[in-house]
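[1] Output the structure for:
(chains A and B)
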Amino acid sequence: MAKLSQPDLVIFLLALSVMLISSRISSEFGRRIGLPMVMGELIVGVLLGPTVFGTLFPGIYATIFPFATNSHFALALDGVFSLSVILLLFVAGLELRFSLFLRHGKTAMTTGLGSMVLPFASGFAMAWFFPQWFSAEPDNGTHLLFSLFLGTAMSISALPVIARILLDMKLLKTEIGTVIIASAVFNDVVGWIIFSFILSMVNKGHDGGSIQQTMLSIGGFALFMLIAGRFLINRTLPWIQTKLSWPGGVLAFSLSLCLLCASFTEYIRIHAILGAFIAGLAIGDSVYFREQAREIIHQFVTSFFAPLFFVSIGLKVNFIEHFDPAIVLLILLLAFAGKVIGAGVGARIGGMTASKSLAIGFGLNARGAMEMILGSLAYEAGLISHTVFVAIIVMALVTSITSAPLMRMFLDK
Amino acid sequence: MRCPEHAASTGNSTFEQRLKGRPPYPLETIGVAVAFSPRLEALLCEAQRLSVLFSARLLLIHVGRRTAEKEATLSEKCRLAGIAPEVQPVWQEGSIISSLLAVCKTNMVDLLVLGALQRENVFRYYLGSVARGLSRKAKCSLLLLTEPATTGSTFNEIVVNCVEHPKTIPTLNTVLYFSNMTGSKCIHIVKEVDESGLAMAMSDDVTTSEKSSFREQLRHEAEEALRQKMSSCPDQKIQVKPAVLFGRPGYAIRRYAEECHADLLVINSPDSRYGLMDRIFNHDMEYILENLPCNMMIVHSRHTSI
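    Predicted coordinates:
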């Protein structure tokens, strides 16, 4: 078995600890001035990565993060980042309850559809008809997939960021709050399934395979897990929680199920994230899954894996070199217009007043960590360029920061 | 005593007009869905007892073929249950749910009594039970009895779900009326607080004190909402216990009803039809119907939605 040599291991552990310590300091500082945790982690990545540290101190940067010169280090870190994104998607699935969408009736249905369809259609159309605006090649084999990606990137929402904004504004349990949460659940479930389809088509592009086959695999797996899987989980969890040691038993069960599903979906050439996400949905929806177990998994992932992943985003590209104001502006415009108009019109059709509908639109506009994960995976898969990746990350930050003040502005009217 | 009317005897719109605005109580007509099961006699005894308690007209409804054998059995069971011979059963053929709904509408039934299984098997669960079909469409309240007894069920401990909805005040008033007439001892008025959004919102950058402060804020809001609801109900001699539950709506109240050994769980009628998706991703009433903790009443507030 190949092993990391002693110097490789030293550098690897040093890199991890630098990322963890600096992101924690930055997040705690950010928290005190009201910024989301993910923002602090991203800033640390930008500071530690090629943008700042790599430019100012290239020697030290190459010693701590020897991606280019040490393949063992790069491989080990890639393994940690892959595990991080799988667990982040698992946690995202744990948070979502599709029943939230079902129980809020017509308004949630129209808002959820509006906030999905218009952003998706506008993002897709823009990338399809004007690929040159995003520095993409129109006759490239990934043109369709890039268009689908941009549509998905415009339609996804960041549920944890939105929930936090609503809680701070004391709106979480109000009509507006429940409609926003229910619609965001719909956006995320549909968005991640479409994105898994896109990633699997990227894989299939290399190995061959039809669209129908991919769709069947995704649909079949999701249905199996959400019907038969949930049924089995509901029968297994009470036994695990009463007969096995707490919380070891339930943690081992949930995490191994997540990794098992991730490995299965990767094996059938759908991306591992779908397996993890659906496993999270299936476990998180169970009434037998205790809140304490959810919190422990959350803490474990958000304190260790999430900082590593979000710091790694900053390590990937030079944010100054690849910052294209035109593309950033275009993506911001698409994101704001698609989401606010789509969700706003949906909410209006669902019976909300004009100002409340706009507030809902701005509420759903927060993209946060979910958008960053989406952008990062698309970048890794070679679907988007450096400049689009940077623009997506900037858009995720801007939409998350502006969501609360814009919502407040329309609610005060 | 007025003779029961059959479903097709008068235009539907006339009955809709008559039902519109009619409050969920007093219970003037009580219907009972007759099924030829081993529990028939017990169910008839329960219905007879309720009709006496509420001075209500009793209506027996059977959906199925009318045969001499069935008539004889029903007549015998009615005699054993003490139901007067003048009470004529309504025999109807066709779909169980639509036939029951039609008879209830034409006869202005205020409460339909049904026998219900405490726990459904997988097949019945996914196909949907009669209770599910009736709960949304019925223009009257439903009483699902899990263990009907020939001696009559007691309703000492009643748990009522106090959700934020215009239907809740009529439901609370109906419960107070019901408890007064049946001699209940205690009403638990329960407000459920869904923790899902809370867990999401506090998933990362929250300190322990912030977390408990958010929870306290939600508890305080729920208690305030309960106080407001209770203040709009008339003063009662009966003991009323307010309770705030953190957990999954539907499931939390089901567990509470089990723990306090409730005799009756009361909820509002649902706003929308519950379909297969609701059973796959179950929520609210589905958690209760899949495993009834006790008898259950679904109150249809006809003047808030018809």
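
[2] List the contacts of residue 96.
    Answering for chain A, as no chain was given. The neighbourhood of residue A:96, defined by C-beta atoms under 8 Å, 6 or more residues apart in numbering or on different chains, consists of A:159, A:185, A:188-189, A:280-281, A:284. The C-beta positions use only the backbone N, C-alpha and C, and glycine is treated the same way.

[3] right idea, wrong chain: chain B
    Residue B:96 makes contact with B:63, B:130, B:133 under the criterion C-beta under 8 Å, 6+ apart.

[4] Highest neighbour count among those?
    If you count neighbours using other C-beta atoms under 10 Å in any protein chain shown, the busiest of the contacts of residue B:96 is residue B:63, which has 21 neighbours.

[5] out of the contacts of residue A:96, who's nearest residue B:191?
    Residue B:191 has its nearest neighbour among these in residue A:185, at 22.9 Å by C-beta to C-beta.

[6] which residues sit in contact with the closest one?
    By C-beta under 8 Å, 6+ apart, the contact set of residue A:185 is A:96-98, A:100-101, A:112, A:159.

[7] at 7 Å what do you get?
    Contact partners of residue A:185, counting by C-beta atoms under 7 Å, 6 or more residues apart in numbering or on different chains, are A:96-98, A:100-101, A:159.

[8] cool, residue B:49 as well?
    For residue B:49, the contact set (C-beta under 7 Å, 6+ apart) comprises residue B:152.

[9] The longest helix seen in chain B and chain A, any residue contact?
    Longest helix of chain B, by residue count under DSSP state H: helix B:208-231. Yes. Counting by C-beta under 7 Å from any C-beta of the partner chain, chain A has neighbours in helix B:208-231: B:214, B:218, B:221.

[10] ok, and the most crowded of those?
    Comparing the residues of helix B:208-231 next to chain A by number of neighbours (other C-beta under 10 Å), residue B:218 comes first, having 21 neighbours.

[11] Could you list the low-pLDDT ranges of the chain?
    Picking chain A for this. Chain A contains residues with pLDDT under 70 at A:1, A:103-104, A:138-140, A:204-209, A:413.

[12] I was thinking of chain B, sorry if that wasn't clear
    Where chain B drops to pLDDT under 70, the residues are B:1-19, B:117-129, B:136, B:197, B:199-200, B:203-205, B:235-236, B:273-276, B:279, B:303-306.

[13] before we move on, back to that, just send the contacts of residue A:185 back as CSV, with secondary structure and distance to residue B:112 too.
    Output for the contacts of residue A:185, formatted as CSV (DSSP: H, G, I helix; E, B strand; the rest coil; distance: C-beta to C-beta, whole Å):
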residue, secondary structure, distance to residue B:112
A:96, coil, 37
A:97, coil, 32
A:98, helix, 32
A:100, helix, 31
A:101, helix, 31
A:159, helix, 41
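
[14] any idea which of the residues you listed is the one closest to residue A:226?
    Taking C-beta to C-beta as the measure, residue A:226 lies nearest residue A:98 of the contacts of residue A:185, at 8.1 Å.

[15] what's the neighbour count on that closest one?
    Neighbour number of residue A:98 under other C-beta under 10 Å is 20.

[16] Excluding chain neighbours, what is closest to it?
    residue B:281 (4.4 Å; C-beta to C-beta, 6 or more residues apart in numbering or on different chains).

[17] Report the separation between the one you found and residue A:233.
    Separation of residue B:281 from residue A:233 (C-beta to C-beta, to the nearest Å) stands at 13 Å.

[18] Over to residue A:243?
    Distance of residue A:243 to residue A:233, given as C-beta to C-beta: 15 Å.

[19] Between the two, which is the more surrounded one?
    Of the pair residue A:243 and residue A:233, residue A:233 is the one with more neighbours under other C-beta under 10 Å, namely 22 against 8.

[20] Is the more buried one inside a helix or a strand, and which specific one?
    If you go by DSSP states H and E, residue A:233 is part of helix A:230-243.

[21] Please identify the buried residues of that helix?
    A:230, A:233-234, A:237, A:240-241 (16 or more other C-beta atoms under 10 Å in any protein chain shown).

[22] Out of the contacts of residue B:96, the closest to residue A:178 would be?
    When those are ranked by distance to residue A:178 (C-beta to C-beta), residue B:133 comes first, at 26.7 Å.

[23] didn't the closest one look like it was pressed against residue B:97?
    Yes. Using C-beta atoms under 7 Å, residue B:133 makes contact with residue B:97 at a distance of 4.0 Å.
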